[in-house]
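Peer 1: After the sequence you'll find the predicted model.
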2 protein chains.
Amino acid sequence: MDEEKNVEKLKELLSLRDFMTFRTEILEENEVDIAEFIEGLTPEERLLVMRLLPKDLAVEVFSELPSEVQEEFMTKISKEEIDHLVREMFVDDLVDLLEELPATLVAEILERTPTEQRATINRFLQYREDTAGSIMTAEYTSLKKHLTVKEAITYLRKNGQNSETLYSCYVVSESRVLQGVITLRTLLLSKDEEKVEDLMDEHVHNVHTDQDVEDVADLFSKYDFMTLPVVDKEDRLVGIITVDDIMDVILEEDTEDFEKMAGTVPSDKPYLKTPVWELARNRMGWLVFLMLSGIITGAILTTFEEAFLVIPVLITFIPMLTDTGGNSGSQSSTLIIRGIVLNEIEMKDVLKVFFKEFQVSIMTGAFLSVLTFIRLMLMYPDRPLVVIVVSLSILLTVIMAKLLGALLPFFAKVIKADPAIMAAPLITTIVDATSLLTYFFLAQLILKI
Amino acid sequence: MDEEKNVEKLKELLSLRDFMTFRTEILEENEVDIAEFIEGLTPEERLLVMRLLPKDLAVEVFSELPSEVQEEFMTKISKEEIDHLVREMFVDDLVDLLEELPATLVAEILERTPTEQRATINRFLQYREDTAGSIMTAEYTSLKKHLTVKEAITYLRKNGQNSETLYSCYVVSESRVLQGVITLRTLLLSKDEEKVEDLMDEHVHNVHTDQDVEDVADLFSKYDFMTLPVVDKEDRLVGIITVDDIMDVILEEDTEDFEKMAGTVPSDKPYLKTPVWELARNRMGWLVFLMLSGIITGAILTTFEEAFLVIPVLITFIPMLTDTGGNSGSQSSTLIIRGIVLNEIEMKDVLKVFFKEFQVSIMTGAFLSVLTFIRLMLMYPDRPLVVIVVSLSILLTVIMAKLLGALLPFFAKVIKADPAIMAAPLITTIVDATSLLTYFFLAQLILKI
């Protein structure tokens, strides 16, 4: 790719005010790249470039801009330009925009919108965030089942202009109840005189407007759909969701999981666009909670203070022990949490997982334990009992850590919490306490202190 | 969904040997669900059910089965049935199958495959794993640019039967060099007599056969493509990649990142299908490395053993301090790693990130430090100097941890390592050592021990 070079060239043309060449050059680019280019300009240049674009392309580019740039724009352009934008944008993009704009501007825009479009927009604005209704598009094509293939194709060619996709055509009754689906592919590959009702698939997967987008994403990745129809409570078709909208949802969900699993409140903004105070606030909760749980480990250590005074070397193994426990536990919990998110692991698998992690923990624990034993016997040949205490503690800590790491995500599901909270930070803290207790219990037992 | 109920019903019909009703019922299901149902049966039942399905559906269901079930099948069915499968499967699915089968069976299958198909299969088998070539499909439709819209549509309707998708049609020259793309949508919405060459988009994004699938996935999510053409070194079109193949790649890449960030070697099998010894082996490396790095923290603690003997209470704050550091650091590193993976953060942003994390670390560090100060002053009112040492250590540890967490992923990129290795396990270990050193340095300075 020579993106960078193109950007430099375009910027130069702009500064030379050679708008003719600039326009020819920028028209070679994709709308996503143009939006990215515009984002890097000053507000004045942005306005200039947008006005240089053909009107239809300008609308597409506008839809790709980040909301703060869109907002800045809306306050600067003329009423006629706003009207054109509103008329031409896909409803789902427009609704995303309106949700970000100040209320007064939204009211003003809605006032000048044709009644029918305003009704659609208002309906969309009411769907809760992260539901199927909030990401669906209203621009789809539906067919009636009595049509022949030839009639259907002619209908699509005449009326498809405003559809976001033509490739899955939904068949609806007079009252718009969803009856089936027929792909454009099937239509094209069938004979002109065949009937839609004989070719359509009546077993059409659909989702409800209030269904969680995560469920919708699961359906897409399980069945490799290209589109899914969205229906209301009366099973009437109200919109469709396309796979490209869902790809963004999947990436966002995964990003949220990464954030949660690192003990951070998920943010819906990219890192570089999140204000500092918001980043700090998102991280504070867990840090405070986990730091205060240090009271417990502190208390355990205080109880055994005497043991340290008798055999101070015991102290030096504490970080190794708690870290090994934390790492072992978070390896297990991360794999189990991810399995649950991907629906590869279900509640009924809990015993299978327990047994599997038990075996894995014995293998890894025994190996680490033997390794520790050999290393410490070389370092402290005169203190075999201490070496035995530490090696045995490693074994028991790894076993406990892995079993806790495996079971706690299931426990989270049972109490209807998000399994992702059982990731490294919390597991580490819980394992800290248990591994210290094990360590001192063994020390008292074997070293008689 | 009443999946579960359907499965029970189908199993009952099967055990009653009521094959007529069974066949009618199972034909209501989607091929993904049928494959899932078959997976849950005994090997004998599987063979029986597959033979009850119409031949074309059987091929689709077969493509959805996990490779071990496919393999078992191939060894049981007749030569004629194998031939039918091989003939009807899409080349990319077939190649995935062949890669899993024992070499003798592959040779036998290839021997009985028609020469032309064998050439395609062999070519596909040569693409390295995780390259565009290895996931592309050979079943696409290409057009010539001199065609009219009407001719193009007629051509598609006649020849599209074997295409995996008809919705993006690539325009190629006589020597198959890629010249442009035209969507079926554009074709349908244009007038019969218009020419493909006037309607097609000549600026067509493409990928090379040896390009990494991660790059391909990035293009799909950035531009919301439905398909991308794959070209060879001479820019000749050799295949296409569809968005549904890429969704699987994205989920797999994210799963690998979760695994790497938990200090585990990524596995390409789902958790429940990974053998115990493989799970253990995947986790062992990091655990050993991190445990042995405990030698460093051990050495630091040994150096300061005397300090503990003078003021034993210092020991009790060690886990709180190292855990707070580890958590602070991994919050930062996780966010930065994810940002780098999603291309939201680039190398040039390193100073921006550094400054941002510095501010965040001052805010969170100061808050935690004050909280610690208040809590410890209540618990140890007679030891203000110890309280000051601990509170200051918290502040400095959080600052250092967050800066390390922010910078090390960039450092990994510089040395061409995967930034994901700079996740919680490694950060925690590095921060452990630095926080202990800070703690004892402050203790010596303030408590004069």
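Peer 2: On my side now, so go ahead.

Peer 1: where in the stretch 101-250 of chain A is pLDDT low?
Peer 2: Within the stretch 101-250 of chain A, no stretch has pLDDT under 70.

Peer 1: Thought residue A:210 was touching residue A:131, still the case?
Peer 2: Yes - using Cβ atoms under 8 Å, residue A:131 is in contact with residue A:210, at 5.1 Å. C-beta coordinates here come from the backbone N, C-alpha and C atoms, glycine included.

Peer 1: Neighbour count for those two, which is higher?
Peer 2: Comparing residue A:131 with residue A:210 by other Cβ atoms under 10 Å in any protein chain shown, the one with more neighbours is residue A:131, at 19 against 14.

Peer 1: Can you check the pLDDT for the nearest residue to residue A:293 once chain neighbours are set aside?
Peer 2: Distance criterion Cβ to Cβ, 6 or more residues apart in numbering or on different chains; nearest residue to residue A:293, sequence neighbours excluded, is residue A:429 at 4.9 Å. Looking at residue A:429, its pLDDT stands at 87.

Peer 1: How about the one 10 residues further on?
Peer 2: Looking at residue A:439, its pLDDT reads 94.

Peer 1: same question, residue A:275
Peer 2: pLDDT for residue A:275: 90.

Peer 1: Same question for the one 4 residues further on.
Peer 2: The predicted local confidence for residue A:279 comes out at a pLDDT of 90.

Peer 1: for it, helix, strand, or coil?
Peer 2: Secondary structure, DSSP: H, G, I helix; E, B strand; the rest coil: residue A:279 is helix.

Peer 1: Identify the residues contacting it.
Peer 2: A:267, A:271, B:335, B:356, B:360 (Cβ atoms under 8 Å, 6 or more residues apart in numbering or on different chains).

Peer 1: Which parts of the stretch 101-250 of chain A are helices?
Peer 2: Secondary structure of the stretch 101-250 of chain A (DSSP state H, counting those that start in this stretch): helices at A:103-111, A:115-126, A:132-135, A:149-159, A:184-189, A:196-199, A:213-223, A:243-261.

Peer 1: Relative to chain B, which residue of the stretch 1-150 of chain A is the closest?
Peer 2: Chain B sits closest to residue A:32 of the stretch 1-150 of chain A, with a gap of 5.1 Å, by Cβ to the nearest Cβ.

Peer 1: Which positions in the one helix or strand that residue maps to come out as buried?
Peer 2: For residue A:32, the host element (DSSP states H and E) is helix A:31-39. The neighbour-count check on helix A:31-39 (16 or more other Cβ atoms under 10 Å in any protein chain shown) flags A:31, A:33, A:34, A:35, A:36, A:37, A:38 as buried.

Peer 1: number of nearby residues for the closest residue in space to residue A:324 that isn't next to it in sequence?
Peer 2: Excluding the flanking residues, the one nearest residue A:324 by Cβ to Cβ, 6+ apart is residue B:291, at 4.9 Å. Neighbourhood size, residue B:291 [other Cβ under 10 Å]: 22.

Peer 1: what does residue A:162 give?
Peer 2: For residue A:162, the count of nearby residues is 11 (other Cβ under 10 Å).

Peer 1: That one contacts residue A:138, doesn't it?
Peer 2: No - using Cβ under 8 Å as the test, residue A:162 is too far from residue A:138 to be in contact (9.6 Å).

Peer 1: Within range of chain B, give me the residues from the stretch 1-150 of chain A.
Peer 2: Contact residues (Cβ under 8 Å from any Cβ of the partner chain) of the stretch 1-150 of chain A with chain B: A:28, A:29, A:30, A:32.

Peer 1: tell me the secondary structure for the first one?
Peer 2: Classification of residue A:28 using three-state DSSP returns coil.

Peer 1: Distance check, residue A:205 against residue B:217.
Peer 2: 25 Å (Cβ to Cβ, to the nearest Å).

Peer 1: who touches the residue nearest to residue A:293 in this structure?
Peer 2: The contact partners of residue A:429, taken as Cβ under 8 Å, 6+ apart, are A:290, A:293, B:323.

Peer 1: thinking the last one is in contact with residue A:292, fair?
Peer 2: This points to residue B:323. No - between residue B:323 and residue A:292 there is no contact under Cβ under 8 Å: 11.0 Å.

Peer 1: Neighbour count: these two, which is higher?
Peer 2: Set side by side, residue B:323 and residue A:292 show more neighbours around residue B:323, with 27 against 14, by other Cβ under 10 Å.

Peer 1: quick one, strands of chain A?
Peer 2: Counting by DSSP state E, one finds strands in chain A at the ranges A:142-143, A:168-172, A:178-183, A:207-208, A:227-231, A:237-242.

Peer 1: Mind putting those strands into CSV with mean neighbour count?
Peer 2: Formatted as CSV, the strands of chain A follow (neighbours: other Cβ atoms under 10 Å in any protein chain shown):
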stretch, mean neighbour count
strand A:142-143, 20
strand A:168-172, 22
strand A:178-183, 21
strand A:207-208, 18
strand A:227-231, 24
strand A:237-242, 24
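
Peer 1: Out of those strands, which is closest to residue A:66?
Peer 2: Proximity to residue A:66, assessed across these by Cβ to Cβ, is greatest for strand A:237-242 (21.2 Å).

Peer 1: Can you give me the domain assignment for chain A?
Peer 2: Here the domain parsing of chain A from automatic domain parsing is A:3-129, A:142-250, A:293-447.

Peer 1: For those domains, state which one has the densest average packing.
Peer 2: Comparing these by mean neighbour count (mean count of other Cβ atoms under 10 Å in any protein chain shown), domain A:293-447 ranks first with a mean of 20.

Peer 1: what's the first-to-last distance across that domain?
Peer 2: 29 Å (Cα to Cα, to the nearest Å).

Peer 1: Flag the shaky bits of the stretch 251-400 of chain A, pLDDT-wise.
Peer 2: The model of the stretch 251-400 of chain A has no residue with pLDDT under 70.

Peer 1: And the residue of chain A positioned farthest from its centre, its phi and psi?
Peer 2: In chain A, counting by Cα atoms, centre = their mean, residue A:382 sits farthest out from the average C-alpha position, at 54.9 Å. Here is the backbone geometry of residue A:382 (degrees, to the nearest 10): phi -90, psi 0.

Peer 1: show me what contacts it?
Peer 2: If a contact means Cβ under 8 Å, 6+ apart, then residue A:382 has no contacts.

Peer 1: From the contacts of residue A:279, which land in helices?
Peer 2: Among the contacts of residue A:279, the members found in helices (DSSP state H) are B:335, B:356, B:360.

Peer 1: ok, so what distance separates the second one from residue A:280?
Peer 2: With distances taken as Cβ to Cβ, residue B:356 is found 10 Å from residue A:280.

Peer 1: Figure out which of the strands of chain A is closest to residue B:58.
Peer 2: Closest approach to residue B:58 among those (Cβ to Cβ): strand A:178-183, 20.9 Å.

Peer 1: Residues in contact with that closest one: which ones?
Peer 2: A:143, A:145, A:152, A:167-173, A:196-197, A:199-202, A:204, A:206, A:229, A:231, A:235-237.

Peer 1: mind giving me JSON lines with the strands of chain A and columns for distance to residue A:156?
Peer 2: As requested, the strands of chain A are exported to JSON lines (distance: least, Cβ to Cβ, whole Å):
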{"stretch": "strand A:142-143", "distance to residue A:156": "8"}
{"stretch": "strand A:168-172", "distance to residue A:156": "7"}
{"stretch": "strand A:178-183", "distance to residue A:156": "11"}
{"stretch": "strand A:207-208", "distance to residue A:156": "24"}
{"stretch": "strand A:227-231", "distance to residue A:156": "15"}
{"stretch": "strand A:237-242", "distance to residue A:156": "15"}
